[in-house]
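Chemist: Fold the following and give me the result.
(one chain, ligands or ions: 1)
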Amino acid sequence: ETVPVQAHVAMVPSPGMGHLIPLVELANRLVLQHNIRVTFIVPDDGSSMKPQKKLLESLPEMISTMFLPPVNFEDLPDNVKMETRIELSMTRSLPAFRDSLKVLVQSELTTGRLVALVVDLFGVATFDVAREFGVPPYIFFTSTAMELSFIFLMPELDEKFACEYKDLPEPVKLPGCVPVHGSDLMDPVQDKNDNVYKWVLYLAKHYPSVAGFLVNSFIELEPGAFKALMEGESGFGVPIYPVGPLVQTGSNIIDNVDDHFECLKWLDQQPSGSVLFVSFGSGGTLSQEQLNELAFGLEMSGQKFMWVAKSPHERASNATYFGVQSIDDPFDFLPKGFLERIKSNGVGLLVPSWAPQIQVLSHGSTGGFLTHCGWNSTLESIVHGVPLIAWPLYAEQKMNAVILTDDLKVALRVQVDENGLVGRDDIAKYARGLIKGEEGKLLRNNMKKLKDAAAIVLSQDGSSTKSLAEVAGIWKNQEKVEN
Ligand code: UDP
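Modeler: Next up is the predicted model:
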């Protein structure tokens, strides 16, 4: 009697914690629920990669990691776009990736038969290598069905409109989605002369050749967008599997355990639902001027707050994308006396660089979240039922904010004034409105409904659980057929 060879999946995360975290969660599910082995093949973007390594080291035995050698970016100008740098980390890693994949294919007898390659939305460049070794490529789309729909429609929109999207008089209507104003479409398409715009068109062209999309969203969250994608109206003619919300369950990334203990201890001492959590994700940063407005606004609101503060940027709002940590001590940049005041009157707590976000969002004292609307942060808020103040900064965050405010009605969206700033009075008003106001109550109720829906889709017979089982089944059967 022969023992069946175990199924083995290779995963390639593109740079950035926001891509790695959901892939890790997917890997955990494949191991636990489907007994599939996973190997991460990790491109090195030349940054310290410390948080990535920390997270990957903490994983169970059935998940292994191969790190690729760092890529060289010396030829790039300083102001190169984030998306270009991510894309180049992938393409410049291809020869090393090919070697690693070959090793996995050759060690099938010990590590299991390689049944799929899973990459995120930046991973298109790996497809040819995967096919060379007979491994079908899948995309784990770590954002919304709406964004996937948008990428699908890009070639058509590109032909239809000669102007920049932000100058369109009417909002763009994507099948099954709330209308989106052109200026809220994702960053990479905001300048048609830039290379990243062509890159999105390139994605749209190559997506139809993927074996399937796993999407980190769920049907009840985006019923219209999924219907359009799955029934052909906006799909790539490729199977779509809504498997979300897959969110991190604990913090594996921390090395400043004491800071994190302090966060949670502070939360323990606050009244139920009273604290506004403020964080702009792993990459998000503000200008010095905006940082001041936020500090004063939070103070003026009279609400309790916990703020993950980073040093200000001079140019781009994604300054810590490749590094997570601020370069300088973020607290040096706060208005004079701010830190002392909030410490002495106990209204707020500042956290440097990185907070145990899951523990904070699941804590009973947390009553709201001022977020940059990164999709992971959004899903985590939904899973824990925390209503939002939406303050999108870059990537596709403005599109996410549109879903949260106009469609799901679980967030207040900040308005930028004529100086390009969100003013302190407004910030104070949003904070009070969310934590104490009638509007906040409404948003909280809507969020509670989404939280319940999220729990159901991930339960044993839930739609996302079934969707993942369906792909896992395909992967495992493929193993049987060919052996
Ligand atoms: N995160 C965290 N602590 C922080 C900042 C971020 O644990 O101080 C986690 C957060 O819980 C989420 C991820 O990092 O899982 C950030 O992903 P998201 O898509 O929200 O934003 P990105 O960082 O990619 O912009």
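Chemist: Show me what stretch 54-67 is in contact with.
Modeler: By C-beta atoms under 8 Å, 6 or more residues apart in numbering, the residues outside stretch 54-67 that reach it are 17, 20-21, 24, 27-28, 31, 37-42, 44, 49, 53, 100, 103, 111, 252-255. Bear in mind the C-beta positions are built from the backbone N, C-alpha and C, glycine included.
Chemist: who in the chain is up against the ligand?
Modeler: Proximity of the chain to the ligand is confined to 16-18, 21, 248, 251, 279, 281-283, 308, 354-355, 357, 374-377, 380 under the rule C-beta under 6 Å from any ligand atom.
Chemist: which stretches of the stretch 201-350 of the chain form helices?
Modeler: Counting by DSSP state H, counting those that start in this stretch, the stretch 201-350 of the chain has helices at residues 223-230, 257-268, 288-301, 338-345.
Chemist: worst-scoring helix or strand of the chain, pLDDT-wise?
Modeler: Among the helices and strands of the chain, helix 108-111 carries the lowest confidence by mean pLDDT, DSSP states H and E, at a mean of 84.
Chemist: returning to that earlier point: make CSV from the helices of the stretch 201-350 of the chain and add mean neighbour count and mean pLDDT to it.
Modeler: Shown next, in CSV, are those (neighbours: other C-beta atoms under 10 Å; pLDDT from 0 to 100):
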stretch, mean neighbour count, mean pLDDT
helix 223-230, 20, 96
helix 257-268, 14, 88
helix 288-301, 20, 97
helix 338-345, 13, 95
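Chemist: and Asp406, which of those is closest to it?
Modeler: Asp406 lies closest, by C-beta to C-beta, to one member of the helices of the stretch 201-350 of the chain: helix 223-230, at 12.6 Å.
Chemist: Point out the other helices and strands that the closest one packs with.
Modeler: Judged by 3 or more C-beta pairs under 8 Å, 6 or more residues apart in numbering; DSSP states H and E, the packing partners of helix 223-230 are helix 145-160, strand 240-242.
Chemist: Rebuild these as CSV, extending it with mean pLDDT and mean neighbour count.
Modeler: CSV is the format used below for those (pLDDT from 0 to 100; neighbours: other C-beta atoms under 10 Å):
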stretch, mean pLDDT, mean neighbour count
helix 145-160, 96, 20
strand 240-242, 98, 23
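Chemist: For Glu293, find the nearest of the ones you listed.
Modeler: Glu293 lies closest to helix 145-160 among the helices and strands packed on helix 223-230, at 29.3 Å (C-beta to C-beta).
Chemist: Residues in contact with that closest one: which ones?
Modeler: Here helix 145-160 makes contact (C-beta under 8 Å, 6+ apart) with 141, 165, 172, 174-177, 180, 185-186, 189, 200-201, 203-205, 207, 213, 215, 217, 222, 225-226, 228-229, 234-236, 240, 242, 396, 399, 403.
Chemist: now that helix and helix 223-230, what's the angle there?
Modeler: The directions of helix 145-160 and helix 223-230 differ by 60 degrees, with axes from the mean of the first three to the mean of the last three C-alpha atoms, to 10 degrees as the criterion.
Chemist: Extract the C-alpha set from helix 145-160 and format it as PDB.
Modeler: Output of helix 145-160 as PDB, limited to C-alpha atoms (Å, rounded to 0.1, in the frame of the first residue of the first chain):
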ATOM      1  CA  ALA A 145     -13.500  42.400  -5.100                       C
ATOM      2  CA  MET A 146     -14.200  46.000  -6.200                       C
ATOM      3  CA  GLU A 147     -10.500  46.500  -6.900                       C
ATOM      4  CA  LEU A 148     -10.200  43.300  -8.800                       C
ATOM      5  CA  SER A 149     -13.200  44.400 -10.900                       C
ATOM      6  CA  PHE A 150     -11.600  47.700 -11.500                       C
ATOM      7  CA  ILE A 151      -8.400  46.100 -12.800                       C
ATOM      8  CA  PHE A 152     -10.500  43.900 -15.100                       C
ATOM      9  CA  LEU A 153     -12.200  47.100 -16.500                       C
ATOM     10  CA  MET A 154      -8.900  49.000 -16.800                       C
ATOM     11  CA  PRO A 155      -8.300  48.400 -20.500                       C
ATOM     12  CA  GLU A 156     -11.800  49.400 -21.400                       C
ATOM     13  CA  LEU A 157     -11.700  52.600 -19.200                       C
ATOM     14  CA  ASP A 158      -8.300  53.400 -20.600                       C
ATOM     15  CA  GLU A 159      -9.700  53.400 -24.100                       C
ATOM     16  CA  LYS A 160     -12.800  55.300 -23.100                       C
END
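Chemist: Pull the contacting residues for the closest residue to Gly367 other than its chain neighbours.
Modeler: Excluding its sequence neighbours, the residue lying closest to Gly367 (C-beta to C-beta, 6 or more residues apart in numbering) is Gly273, at 3.6 Å. Contacts for Gly273 (C-beta under 8 Å, 6+ apart) come out as 364-367, 435.
Chemist: One more: Asp407?
Modeler: 177-178.
Chemist: Just the pLDDT for it.
Modeler: At Asp407, the pLDDT value in this model is 98.
Chemist: Just read off the phi/psi values of it.
Modeler: phi -100, psi -60 (degrees, to the nearest 10).
Chemist: Equivalent analysis for Leu114, please.
Modeler: phi -70, psi 110.
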